[in-house]
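Enquirer: Fold the following and give me the result.
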Amino acid sequence: MNFENISDEDGVILVQMARYAVTEYITNNNKISEQSFKEKFSFNAGVFVTINDKSGLRGCIGFPLAVKKLSDALTNAAISASTDDPRFPSVKEDELNDLVFEVTVLSDTKEISANSPDEIINSIKIGRDGLIIEKDFQSGLLLPQVPVEYNWNTEDFLKHACHKAGLPSESWKDKTTKISKFQGVIFREVLPNGEIIREKFQ
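Expert: Numbers count the residues shown, from 1 in each chain. From the prediction side, this is the model:
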């Protein structure tokens, strides 16, 4: 198995395990280690876990590069999203039944090679591509679903990716800025502890 052939059934398992990892860690201070899960998702892949509550984002952390086995990366990302996202306090046990979990498995990244801002814009498809902006030891990543959720066009997406990197919004036009894109397979709960679906934006 790899990024290209993750099934809907696999997506259900990934989201369920993200929730289970967070629940076990928060309630029992236990880091899960399920052998069948580790064997099934033993290939390397980047992954992000996003947690939302009724008001919106509650935590989002992950690994953009395929440096870990997906089983390990998912567990670590889920726990970190619930406890280590600097934008939010740690998730509390009494919140768990009000949270929606989402898992995005990432493809390999591909640097965008372009000679003009228009070429950069034309090489990115909203709903398909995520972005990584890198310049002067600063970097920022936005997942493919983000511009869809906020109704951004491609230029908005690039500007916000720069902002995420702590850079001026027009830095994407600078030839010394590295812009990479990637794709994501996205699975999420419709409601807390509810049905898990594959998100389709394209």
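Enquirer: For the longest helix anywhere in the chain, give the mean pLDDT please.
Expert: Criterion DSSP state H: the longest helix present in the chain is helix 8-28. The pLDDT scores in helix 8-28 average 97.
Enquirer: Stretch 38-58 now?
Expert: Here the average pLDDT along stretch 38-58 is 96.
Enquirer: what does stretch 69-87 give?
Expert: Stretch 69-87 comes out at a mean pLDDT of 97.
Enquirer: who's in contact with that stretch?
Expert: 14, 17-19, 21-22, 25-26, 31-32, 37-38, 40-51, 57, 59-63, 67-68, 90-91, 101, 103, 105 (C-beta atoms under 8 Å, 6 or more residues apart in numbering). The C-beta positions use only the backbone N, C-alpha and C, and glycine is treated the same way.
Enquirer: Run the chain-centre distance for it.
Expert: Here stretch 69-87 is found 10 Å from its chain centre; the criterion is C-alpha atoms, centre = their mean, to the nearest Å.
Enquirer: Would you mind listing which of the contacts of stretch 69-87 are buried?
Expert: Among the contacts of stretch 69-87, those classed as buried by 16 or more other C-beta atoms under 10 Å are 14, 17-19, 21-22, 25-26, 32, 37, 40-41, 44-51, 59-63, 68, 91, 101, 103, 105.
Enquirer: Quick check: Asp108 touching Val67?
Expert: No. Applying C-beta atoms under 8 Å, one finds Asp108 not in contact with Val67, separated by 11.5 Å.
Enquirer: domain ranges for this protein?
Expert: What automatic domain parsing lists as the domains of the chain is 3-107+183-198, 110-182.
Enquirer: Spatially central residue for the chain, please.
Expert: By C-alpha atoms, centre = their mean, the chain has its centre lying nearest to Phe48, at 3.2 Å.
Enquirer: Which parts of this protein are helices?
Expert: All helices of the chain, identified by DSSP H, fall at 8-28, 35-40, 70-83, 117-122, 145-149, 154-164.
Enquirer: Could you export the ones you listed as CSV, including distance to Gln183?
Expert: Formatted as CSV, the helices of the chain follow (distance: least, C-beta to C-beta, whole Å):
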stretch, distance to Gln183
helix 8-28, 15
helix 35-40, 21
helix 70-83, 15
helix 117-122, 17
helix 145-149, 11
helix 154-164, 14
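Enquirer: Pick the most buried one from those helices.
Expert: Compared across the helices of the chain, helix 70-83 shows the largest average neighbour count, a mean of 24 (mean count of other C-beta atoms under 10 Å).
Enquirer: Return the distance of the residue nearest to the residue nearest to the centre of the chain when sequence neighbours are not counted relative to Asn76.
Expert: Distance criterion C-beta to C-beta, 6 or more residues apart in numbering; nearest residue to Phe48, sequence neighbours excluded, is Gly62 at 3.0 Å. Distance, Gly62 to Asn76, using C-beta to C-beta, to the nearest Å: 9 Å.
Enquirer: which residue packs closest to Arg19, ignoring adjacent ones?
Expert: Leaving aside its sequence neighbours, Arg19 sits nearest to Phe101 (C-beta to C-beta, 6+ apart; 4.8 Å).
Enquirer: ugh, wrong one, I meant Ile120
Expert: Ala114 (4.5 Å).
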